[in-house]
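**Q** below is the sequence, then the predicted model.
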Amino acid sequence: MKINEDIWPDERAVLESPHRLEYVRRLVKPKGCVFCSASKAKASAESLVIFKSQSMMVVLNKYPYNNGHILVTPRRHVADFEKLTEKELRAFTQLVKESLKILKKVYSPDGFNMGMNLGKVAGAGIPAHLHHHIIPRWGGDTNFFPLIGKTKLVVETSEQSYNQLRPYFAKLEKKGVI
Ligand SMILES: [Zn+2]
């Protein structure tokens, strides 16, 4: 099967272990920007959206490297970090902070990887729309799959992640501070 590298060039194929046999990598080219479509969608396990404010949102990574791998993004279609407004920047950093708190509460990880890949050459899967990865890490969670098979074993389904995280992010939405 040919994987269309233009769509998710740096995402790895994912086996969600409870549904190994149902593993399907979407090869259909999404219409337009996936984050802009997410921005228009309601929070749900299907849309992968778990938080939305006026300017920011949190989306579950469709091809997670680990449980609780989320993306904090502006709702506006913007590629360059320096083009965020002061207001967006403030909301963005606040949302990263609150997201870390929630992930700690839900998953009790030992650490995190987080950051942004800016530009295709830097490894951005979707370079046109800025997104900040937050990936919970646990001691011993690395395995040989990503190295040899471009395949990562993920214990939790996106629906399970949604159900775990959504109540906390919904509470944050209600607060209206971001
Ligand atoms: Zn976009």
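**A** Structure received.
**Q** and residue 134, its phi and psi?
**A** Note on residue 134: its backbone torsions stand at phi -130, psi 120 [degrees, to the nearest 10].
**Q** so who does the closest residue to it other than its chain neighbours touch?
**A** Once flanking residues are discounted, residue 134 sits nearest to residue 114: 4.5 Å by CB to CB, 6 or more residues apart in numbering. In short, each C-beta sits where N, CA and C put it, glycine included. The neighbours of residue 114, taking CB atoms under 8 Å, 6 or more residues apart in numbering as the test, are 96, 100, 132-135.
**Q** can you list the residues that contact the longest helix seen in the chain?
**A** Secondary structure of the chain per DSSP state H: the longest helix is helix 86-107. The contact list for helix 86-107 (CB under 8 Å, 6+ apart) reads 51, 53-56, 58, 67-68, 70, 72, 74, 76, 84, 109, 112, 114, 132, 134, 136, 164-165, 168-169, 172, 177-178.
**Q** what subset of these is buried?
**A** 51, 53, 55-56, 58, 67-68, 70, 72, 74, 76, 84, 109, 112, 114, 132, 134, 136, 164-165, 168-169, 172, 178 (16 or more other CB atoms under 10 Å).
**Q** just checking, which of those belong to helices?
**A** Among those, the ones falling in helices (DSSP H) are 164-165, 168-169, 172.
**Q** of all those, which comes closest to the ion?
**A** Nearest to the ion among those: residue 169, at 20.3 Å, using CB to the ion.
**Q** not counting sequence-adjacent ones, nearest residue to that closest one?
**A** Nearest non-adjacent residue to residue 169 (CB to CB, 6+ apart): residue 51, at 3.8 Å.
**Q** and that neighbour, what is it in contact with?
**A** 43, 57-58, 95, 99, 169-170, 172-173.
**Q** closest one of those residues to the ion?
**A** residue 57 (10.9 Å).
**Q** what's around the closest one, how many residues?
**A** By other CB atoms under 10 Å, the residues close to residue 57 number 24.
**Q** contacts only, for the residue nearest to it when sequence neighbours are not counted.
**A** Among residues not flanking residue 57 along the chain, residue 75 sits closest, at 5.4 Å (CB to CB, 6+ apart). In this structure, residue 75 makes contact with 39, 52, 54-57, judged by CB under 8 Å, 6+ apart.
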